[in-house]
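Participant: any chance you can model this:
(chains A, B and C)
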Amino acid sequence: MTWKIALGIWMALVIAASFLYAPPALGLGEVSRIIFYHVPLAWVAVLAYLVSMVNAVQYLRTGRMEFDRRTSFNAEIGTVFALLATVTGAVFAKNTWGAYWNWDPRQTSIFVLLLIYAAYFALRSAVEEEEQRARLSSVYAILAFLTVPFLVFIIPRVYSTLHPDPIINVEGRLKMNTQMLQVFLASLAGFTGIYFWIYNLQTRIIKLQEKFKKDMRG
Amino acid sequence: MVTGFFIWVKQAAAILQKDIKVEFRTKYSLNSFLMFALTTLVLVSFSVGPYLLDEVVHSALIWIILFFSAMGGLARSFVKEQEKGTVYALKLSAVPETVYLGKFIYNLSLLFLVIIIVIPFYIFFLSPPVGNPGLLALVLFLGSLGLAAASTILAAIVSQANVKGNLLPVLAFPILLPLLTAAINGTRLALEGFPLGKAMAELQILISFFAIMFTVSLLLFNFVWET
Amino acid sequence: MISIELDNLTKTYNEQIIFSGVQETVSQGNCLVVSGPNGSGKTTLLKIIAGLIRPSAGEIRLTVENQLIPREKQKDYLGYVSPDLMLYDELSALENLNFFARVRGLAKEGRKAEEMLERVQLDKWKAKMVSTYSTGMKQRLKFAYALLHRPLLLLLDEPGSNLDQTGHALVKDVIEEQKQRGCVILSTNDPTEVTRYGDRILHLG
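Facilitator: Residues are numbered from 1 along each chain as shown, chains lettered A, B, ... in the order given. Next comes the predicted model:
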């Protein structure tokens, strides 16, 4: 309980600091403040998709239904966060380059991720039997996830990017000033905390469902 | 190990031969596959009419035609076994991986056949410039390897779903997007007449996409095949 | 020597229980008859034993010469006849059997397939497409398919359906013969078949 209250206060501080404490990034203007939300949202989306993928592998190895529930549930969280990241990204794009969407490599990648999981959910709704659904959709999730790295290589060859460099770039040089970096990392931690909260809640729901089912049977 | 591999190949060959024999007698898959590709092609040609297209549009159109006709044509390989009930007889007799292998080669041959017929027609109707025919053939060859590898396992997944209609393109598109992007770009380079060296990145992506799809499909096919 | 043990087999379909706690052992020379009304899960049980469906709980232990056979190898030891299982319509009977013999990696395939066709009295029609067969002939061909690799365990789902008098005699012969070689599990809701073949009876539903 305490950590949830702490998380609430933490996030409130992050929100306040993102507007009041951190200066806008040089050259990008006030709209750059969206970075404190956009990047953590994208990070949580990737994290949830990764956890989903790991659970898909676990399901195929063990055949235990709870892993499949976790796969699909993390895919759902990932999708919600990916949508939010897409929207925040599009708002930033509109204000900076004048268009919400321009098939920037990063936009394309997240679009493909969304497509993959849309297809994943379409497949799940097309299979009636639980175990079969779990098996087929896990295989699909693994196959789909493996193709994502290819996009990273091919897309920049076809489309040029407008996206600002990753803030922490390859050489490890930081382009944010100290205040920005503080807020950014605090936000990253806060959003990760929110993800674990949701994860925790869902794990409890899954456990309750399993228990309920056992009681029904036994 | 080596003898085991030989037995595998022999069994896969039996499945391939069976599929070819059945296809030769019914001509169902090939006819619908080919007709779909040709109708789309003629429709494109008809609607474009006298306009001159640039290489980017040509290469995109070629792969759109191939992708959608493949989705129609390749799904049948497994759906038919499922619908006719022969899938049980096959499951009880064959090693899962040999089924994948046999069906993959079968699908690949269908795809090759369609490409060999459709591409000359495309050139005939829309007269795109073909600057580097060798590169074009190579891109088509490597592209269809990946396309067949991915569609074969996806077709097996779709055949087990309760709702099969149009599921294959939905599942295949996000997976094949990197392949299609690379293939379209490679095709464009070939049409524009670039030498082989300029398309190295595309060719590498096509090869590694195929290698990964094929290996992972073999590893995962067991889970799809078992009911 | 073969013995098959069904240990606490349970099948649920999306929370709905089809059957639960099926406990049975069939050993060499025996015929287990699974009976029960439509929808009691006879076909599902046979499919589970055949390895076509996974049970929701429980295990199938197949031992041959006191060796426990792993799940993925079990299909080499069993033959399965079912209304759901079909052979290729576009191939002739002989081509069908040759195909399955090759896929199973059986040696001397040609001769074996022809012997099997004589056994089920289809040798006169062996070159005809299966699509031209009557349902009874198709049923007999399924027997040839199931016996092709001389399985120790024969699973028969409603074997008598669509068969005429000679067909029924064939089923009887096949079952007697199979009991010499191994064992049989048969599902039916025909009371005369239950009493005729059943050394043991498992009633579902």
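Participant: from here on, contacts and neighbour counts on C-alpha atoms
Facilitator: Will do.
Participant: lowest-pLDDT helix or strand in chain C?
Facilitator: The least trusted helix or strand in chain C, going by mean pLDDT, DSSP states H and E, turns out to be helix C:109-119, with a mean of 80.
Participant: show me what that helix is packed up against.
Facilitator: Here helix C:109-119 touches helix C:93-103, helix C:135-147, going by 3 or more C-alpha pairs under 8 Å, 6 or more residues apart in numbering or on different chains; DSSP states H and E.
Participant: in chain A, which residue is closest to the centre?
Facilitator: residue A:45 (0.4 Å; C-alpha atoms, centre = their mean).
Participant: now mean neighbour count and mean pLDDT too, for the helices and strands packed on helix C:109-119, in CSV please.
Facilitator: Below are the helices and strands packed on helix C:109-119 laid out as CSV (neighbours: other C-alpha atoms under 10 Å in any protein chain shown; pLDDT from 0 to 100):
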stretch, mean neighbour count, mean pLDDT
helix C:93-103, 24, 92
helix C:135-147, 23, 92
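Participant: ok, which of the ones you listed comes nearest chain B?
Facilitator: Among these, the nearest to chain B by C-alpha to the nearest C-alpha is helix C:93-103 (4.8 Å).
Participant: pull the distance from that closest one to the chain's centre.
Facilitator: Averaging C-alpha positions (C-alpha atoms, centre = their mean, to the nearest Å) puts helix C:93-103 17 Å from its chain's average.
Participant: need the residues that contact it.
Facilitator: B:10-12, B:14-15, B:18, B:90, B:93-94, C:87-88, C:107, C:109-110, C:113-114, C:117, C:125-130, C:141, C:144-145, C:148-149 (C-alpha atoms under 8 Å, 6 or more residues apart in numbering or on different chains).
Participant: tell me what angle it forms with helix C:135-147.
Facilitator: 20 degrees (axes from the mean of the first three to the mean of the last three C-alpha atoms, to 10 degrees).
Participant: any idea of the angle helix C:93-103 forms with helix C:109-119?
Facilitator: 130 degrees.
Participant: C-alpha coordinates for helix C:93-103, PDB please?
Facilitator: Provided in PDB are the C-alpha atoms of helix C:93-103 (Å, rounded to 0.1, in the frame of the first residue of the first chain):
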ATOM      1  CA  ALA C  93      -6.400 -46.500 -53.000                       C
ATOM      2  CA  LEU C  94      -3.000 -47.900 -53.900                       C
ATOM      3  CA  GLU C  95      -1.400 -44.500 -54.100                       C
ATOM      4  CA  ASN C  96      -2.900 -43.500 -50.800                       C
ATOM      5  CA  LEU C  97      -1.400 -46.600 -49.100                       C
ATOM      6  CA  ASN C  98       1.900 -46.200 -50.800                       C
ATOM      7  CA  PHE C  99       2.100 -42.600 -49.700                       C
ATOM      8  CA  PHE C 100       1.400 -43.400 -46.100                       C
ATOM      9  CA  ALA C 101       3.900 -46.300 -46.200                       C
ATOM     10  CA  ARG C 102       6.600 -43.900 -47.500                       C
ATOM     11  CA  VAL C 103       5.800 -41.200 -45.000                       C
END
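Participant: for residue B:129, give me phi and psi.
Facilitator: phi -70, psi 130 (degrees, to the nearest 10).
Participant: was I right to think it contacts residue B:188?
Facilitator: No - using C-alpha atoms under 8 Å, residue B:129 is not in contact with residue B:188; the gap is 10.0 Å.
Participant: give me the common contacts of the two.
Facilitator: residue B:55.
Participant: neighbour count for those two, which is higher?
Facilitator: Comparing residue B:129 with residue B:188 by other C-alpha atoms under 10 Å in any protein chain shown, the one with more neighbours is residue B:188, at 24 against 16.
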